[in-house]
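>>> below is the structure, and that's it, no one-letter string:
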């Protein structure tokens with residue numbers, strides 16, 4: 001029996017080596033075809049993305065790779081407008097999938113990625129964990145290669161002494177009134193981690209829970225992700241919803257922020273994917289890029305580079321690529337993805353829309369507060385007006401009276 005198992009293992013290893021060799025040959029062939037060409041690439045502004053692209057450039061030096069680093073919510077409207085005006089300047093886009101799926105795909109901004117895939121193992125469902133979720137929609141436009149559970153609820157234990165938060169209902173504790181901040185789900189042109197986390201709370205606890213969070217607990221709605229996260233780190237708020245995990249991880253890696261912990265609920269799944277733009281100007285170059293990135297070689301580079309600077313997400317959906325050991329706990333249960341909110345995919349679109357409608361409805365009934373920056377400007381303006389009035393009054397009081405006003409005739 002042991003001999004049979006050993007022979008089976010050797011056969012499996014041999015097949016893996018054979019497949020890897022064939023993939024390498026296919027990539028070399030694609031590289032020869034693309035030699036001297038240009039690749040116009042858009043990537044999400046995360047170091048893991050940029051480092052992976054630099055490694056691709058190093059491996060294929062005869063390809064001119066031009067990279068635009070841009071936030072998806074900013075880039076999506078630009079691409080739509082450019083294509084409406086007949087401008088097709090980009091070959092491929094690699095980012096978190098929400099803006100790609102919910103904004104650009106419905107506008108017809110992508111080409112079927114399967115038209116550019118050459119390596120057979122990429123198209124083989126058996127290569128991938130949860131093969132039914134390889135694309136963000138029923139159509140093969142945005143290829144999802146990585147998923148991770150997002151933990152964006154932060155709790156600063158120093159703000160409310162003695163308070164313990166173990167489940168979502170604990171956020172309704174009266175001691176937290178006025179001490180919760182949420183990244184405004186409706187801010188910006190595309191959904192973000194604040195939107196996803198609130199949507200997950202709606203899914204887990206129901207819409208009435210989120211209404212009470214916003215109204216009864218007087219949660220502050222903050223647009224800026226950095227400002228929100230800093231509010232938890234400084235202790236301005238006890239709880240923030242939709243915080244930046246990387247900022248918290250960096251602070252803790254440097255030995256700070258020890259009183260801030262991540263809460264284990266309201267955890268949606270983040271999806272990262274790649275797409276080929278409609279009418280790509282450099283089809284040979286983009287074919288090499290897509291096949292390399294989604295190959296075993298490309299995904300191993302992605303996992304390695306992502307793990308260097310990110311606290312979660314260093315994982316590939318390829319079965320033959322192991323996740324980073326320190327980040328494996330953020331992998332979702334691929335056999336039961338229906339348990340999660342997949343808001344960067346078509347299946348999560350309606351839940352996302354319901355959440356946005358709910359928040360907009362609640363905001364319409366909430367008293368409007370001026371942003372802190374506006375208040376500062378108003379205070380400074382008022383101080384300037386007071387200063388000018390005092391200065392004018394002082395000058396008037398100190399000015400000598402004229403002879404006429406004193407009752408004497410003017411000199412002739």
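Structure received. Only a predicted model underlies this, so the values are computations on that prediction, with no experimental measurement involved. Numbering: from 1, shown residues only.
>>> those helices in the stretch 301-412 of the chain, which residues are they?
Secondary structure of the stretch 301-412 of the chain (DSSP state H, counting those that start in this stretch): helices located at 349-365, 372-398, 403-406.
>>> pull out the buried residues from the first one.
Okay, so that is helix 349-365. Residues of helix 349-365 classed as buried under the neighbour-count rule (16 or more other C-beta atoms under 10 Å) are 349, 351-352, 355-356, 358-359, 362. In this view, the C-beta of every residue, glycine as well, is placed from N, C-alpha and C.
>>> quick one, helices of the stretch 51-200 of the chain?
Using DSSP H, counting those that start in this stretch, helices in the stretch 51-200 of the chain cover 72-84, 98-99, 120-123, 193-205.
>>> save these as a markdown table, and put in mean pLDDT and mean neighbour count too.
Converted to a markdown table, the helices of the stretch 51-200 of the chain look like this (pLDDT from 0 to 100; neighbours: other C-beta atoms under 10 Å):
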| stretch | mean pLDDT | mean neighbour count |
| --- | --- | --- |
| helix 72-84 | 95 | 18 |
| helix 98-99 | 93 | 26 |
| helix 120-123 | 97 | 17 |
| helix 193-205 | 94 | 24 |
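>>> redo the ones you listed as a markdown table? Include distance to residue 229.
Formatted as a markdown table, these follow (distance: least, C-beta to C-beta, whole Å):
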| stretch | distance to residue 229 |
| --- | --- |
| helix 72-84 | 18 |
| helix 98-99 | 19 |
| helix 120-123 | 37 |
| helix 193-205 | 10 |
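>>> about what we covered before: least reliable of the helices of the stretch 301-412 of the chain going by mean pLDDT?
Looking at those, the lowest mean pLDDT belongs to helix 403-406 (a mean of 38).
>>> which residues sit in contact with residue 97?
Remark: with contacts taken as C-beta atoms under 8 Å, 6 or more residues apart in numbering, residue 97 is in contact with 136, 142, 144, 271-273, 344-345.
>>> for it, which non-adjacent residue is spatially closest?
Distances taken as C-beta to C-beta, 6 or more residues apart in numbering place residue 344 nearest to residue 97, at 3.9 Å, with adjacent residues excluded.
>>> neighbours around the one you found, how many?
The local packing of residue 344 (other C-beta atoms under 10 Å) involves 30 other residues.
>>> isn't it right up against residue 133?
No: look at residue 344 against residue 133 with C-beta atoms under 8 Å: they stay out of range, at 10.8 Å.
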